[in-house]
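> Starting from these lines, generate the structure:
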Amino acid sequence: MDELVSRIRIDPRAAVRVTFDPYSSVLALACAGARDHRRGLATAPARIAGRFPQRGLAAVARIVAPGSSVAPDCLSPHDPAHDTDVRAEIGRLRDLSASELLGDLRETFDDRPPRQWEEIAAAPQRWAHDVADVLDALWAVVEPVWRREDALRGREAERVGAAAAREALDIVLAQAHPRGRAQDGCLVFPDPEGTELDASGRTVVLAPVLSGLDVSISNLDRPDLVWLAYPVAAGAPPDDPTGLAALLTPMRAQLLARLDGEWAMGRIAGALGTTASAATHHVDALVAAGLVTRRREGRHHLVARTARGDGVLDLYGMTG
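The predicted structure follows:
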């Protein structure tokens, strides 16, 4: 069976905004924890989720139920185009009336909510309060980590700005989603409720959340904007915050620039001075961004730059 995916077409010249959104970091951590706890994984988020009150864990688990990727709109920031205040967003969740929550469910799911959302219809405010309680407790733990990553978010805003100015936004979007890729001008990612969306003309709002999380959150339903919260990349800053290395990481930029024809994976690892597994990781990222292709020939995998990769080098004034 073919993998279900969502395809989001975004104009490479779209207006772009980066927000600093601690609320979405807390929500992303809660979702990652509930997901990993359900899977029995021994991750840091799963250990954190193991300390949630049982009702709170069950409330968050509804958001990440298997086979589902859509949740009530009330979980998104009230105004995703601007920075958030965690306490204000949590207070907003607590203040929602039962009729507002039920209306949100009907609008989100076209009057056909999945089973895990039908089950809260009798007491929707209790569900919202249970989620709010989890997020409130998590923020006390997350706040110092969030503040320590101020510099990471600042560098990410510079990276996004440079990419948007060079019409390379699709690469940023492919890297932003943990399992996303750029393909034919679209952001493509696995989605059990796959959808096709032409978001041309909408503002793209990017909200970098805590590093190290394997989760992204999006709101694709607004007519004015596309909103994506994703984990910010950790690591040392490049020398040139507007250069190709800032967009791709220095090693991936080096590989893209050096590829001349088809290279075998062994040659790539040798040229980068790294292990075969590390080279594969970097090639995977470039394939996802649509900058290189990889094909198998006998026992070898051959990697070559795409026309999109050539174009990115041109944008940054580099030659292969």
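> contacts, neighbours, all on C-alpha from now
Noted.
> I'd say residue 50 and residue 38 touch.
No - when contacts are counted by C-alpha atoms under 8 Å, residue 50 is not listed as touching residue 38 (9.8 Å).
> list the residues that contact both of those two?
Common neighbours of residue 50 and residue 38, counting by C-alpha atoms under 8 Å, 6 or more residues apart in numbering, are absent.
> Tell me which other helices or strands the longest helix that the chain contains touches.
When the chain is parsed with DSSP state H, its longest helix is helix 124-148. When contacts are defined as 3 or more C-alpha pairs under 8 Å, 6 or more residues apart in numbering; DSSP states H and E, helix 124-148 sits against helix 22-39, helix 54-61, helix 86-95, helix 98-109.
> Mind checking these for the one nearest to residue 7?
Evaluated over these, closeness to residue 7 peaks at helix 98-109, with 19.1 Å, by C-alpha to C-alpha.
> got the contact list for the following helix or strand past that closest one?
Downstream of helix 98-109, the first helix or strand assigned by DSSP states H and E is helix 115-118. Helix 115-118 has contacts (C-alpha under 8 Å, 6+ apart) with 62, 65, 105.
> What residues of helix 115-118 count as buried?
With burial defined by 16 or more other C-alpha atoms under 10 Å, the residues of helix 115-118 counted as buried are residue 117.
> pull the CA atoms of it into CSV?
The C-alpha trace of helix 115-118 is given here as CSV (Å, rounded to 0.1, in the frame of the first residue of the first chain):
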residue,chain,number,x,y,z
ARG,A,115,-13.9,8.0,18.0
GLN,A,116,-11.3,9.6,20.4
TRP,A,117,-12.9,13.0,19.9
GLU,A,118,-16.5,11.7,20.0
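> Counting neighbours, which bits of the helix or strand hosting residue 267 end up buried?
For residue 267, the enclosing helix or strand under DSSP H and E is helix 265-272. Neighbour-count burial for helix 265-272, with 16+ other C-alpha under 10 Å as criterion, is recorded at 265-266, 268-269, 272.
> Just put the helices and strands packed on helix 124-148 in a markdown table and tack on mean pLDDT, mean neighbour count and distance to residue 305.
Converted to a markdown table, the helices and strands packed on helix 124-148 look like this (pLDDT from 0 to 100; neighbours: other C-alpha atoms under 10 Å; distance: least, C-alpha to C-alpha, whole Å):
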| stretch | mean pLDDT | mean neighbour count | distance to residue 305 |
| --- | --- | --- | --- |
| helix 22-39 | 97 | 24 | 34 |
| helix 54-61 | 98 | 20 | 42 |
| helix 86-95 | 98 | 18 | 43 |
| helix 98-109 | 95 | 16 | 41 |
